[in-house]
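Enquirer: just coords:
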């Protein structure tokens, strides 16, 4: 049994996932994915995090990622090197997500886990959302930003996460059809969102 949690930035998805895992007695998995990807790919944690759910290129990481490549590939154009490097990093990320899922009774946060695991049996795909005004207030409070700067942060994170899903999986992260359950923390609050997810898990007999 696996729960994947996709979330809008500032909607409280990470906290919801953490509480769900605690209530069910399951394993909460978030940054552990990035740490394991970094270990397997031979990157620093900071380097791996640069590509996490973002649409930016990896030109600066191509040489490290392609240390295994043929001379012809590694000496080719930077754009080609970056493309091959990203494919390898995505392969590693997908394998890490699958390996965590294989352990069962885990709550996986982000990393396009819903797209990676797809229709896998025993998986509950959840999307956590909230009105943009509330997400902006959360970002402002969390980072000590002005409203204007917080809006830029929220818009930037939304754009990067959308690009990550679109470029690698050809799907819109916000499409409710990709999920079994969509919870709005702006309406339900964190407690209500947790209760809704746990109730669905219980309904499934997990």
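Expert: Ah, there it is. In this text, all values refer to a predicted model and were calculated from it rather than measured experimentally. Numbering: from 1, shown residues only.
Enquirer: contacts for stretch 92-111?
Expert: 1-7, 13-14, 17-18, 20-21, 24-30, 32-34, 36-37, 40-41, 52-53, 113, 116-117, 120, 122-123 (Cβ atoms under 8 Å, 6 or more residues apart in numbering). Where C-beta positions appear, they are placed from N, C-alpha and C, glycine not excepted.
Enquirer: which parts of the longest helix seen in the chain count as buried, going by neighbours?
Expert: Identified as the longest helix of the chain according to DSSP state H is helix 78-102. Buried residues in helix 78-102, counted by 16 or more other Cβ atoms under 10 Å: 81-82, 84-86, 88-90, 92-94, 96-97, 100-101.
Enquirer: got it, and stretch 108-126?
Expert: For stretch 108-126, a neighbour-count test (16+ other Cβ under 10 Å) marks 108-117, 123-126 as buried.
Enquirer: now the end-to-end length of that stretch.
Expert: Stretch 108-126 has an end-to-end distance of 10 Å (criterion: Cα to Cα, to the nearest Å).
Enquirer: any idea how far that stretch is from the chain center?
Expert: 10 Å (Cα atoms, centre = their mean, to the nearest Å).
Enquirer: rounded mean pLDDT for it, please.
Expert: Regarding stretch 108-126, the rounded mean pLDDT is 94.
Enquirer: before we move on, back to that, put the buried members of the contacts of stretch 92-111 into a ChimeraX selection.
Expert: Only the buried entries of the contacts of stretch 92-111 go into this ChimeraX selection, using 16+ other Cβ under 10 Å:
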select :1,2,3,4,5,6,7,13,14,17,18,20,21,24,26,28,29,30,33,34,36,37,40,41,52,53,113,116,117,123
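Enquirer: measure the most centrally placed residue in the chain to residue 194 for me?
Expert: Central residue of the chain (Cα atoms, centre = their mean): residue 110, 2.0 Å from the mean position. Using Cβ to Cβ, to the nearest Å, one gets 17 Å for the distance from residue 110 to residue 194.
Enquirer: which stretches in this protein count as helices?
Expert: 13-24, 31-41, 45-50, 62-65, 71-74, 78-102, 113-117, 132-143, 147-169, 185-203.
Enquirer: mind putting those in TSV, distance to residue 178 included?
Expert: Listed next are these as TSV, based on distance: least, Cβ to Cβ, whole Å:
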stretch	distance to residue 178
helix 13-24	15
helix 31-41	19
helix 45-50	24
helix 62-65	29
helix 71-74	34
helix 78-102	15
helix 113-117	6
helix 132-143	20
helix 147-169	9
helix 185-203	16
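Enquirer: identify whichever of those helices lies nearest to residue 177.
Expert: helix 113-117 (11.1 Å; Cβ to Cβ).
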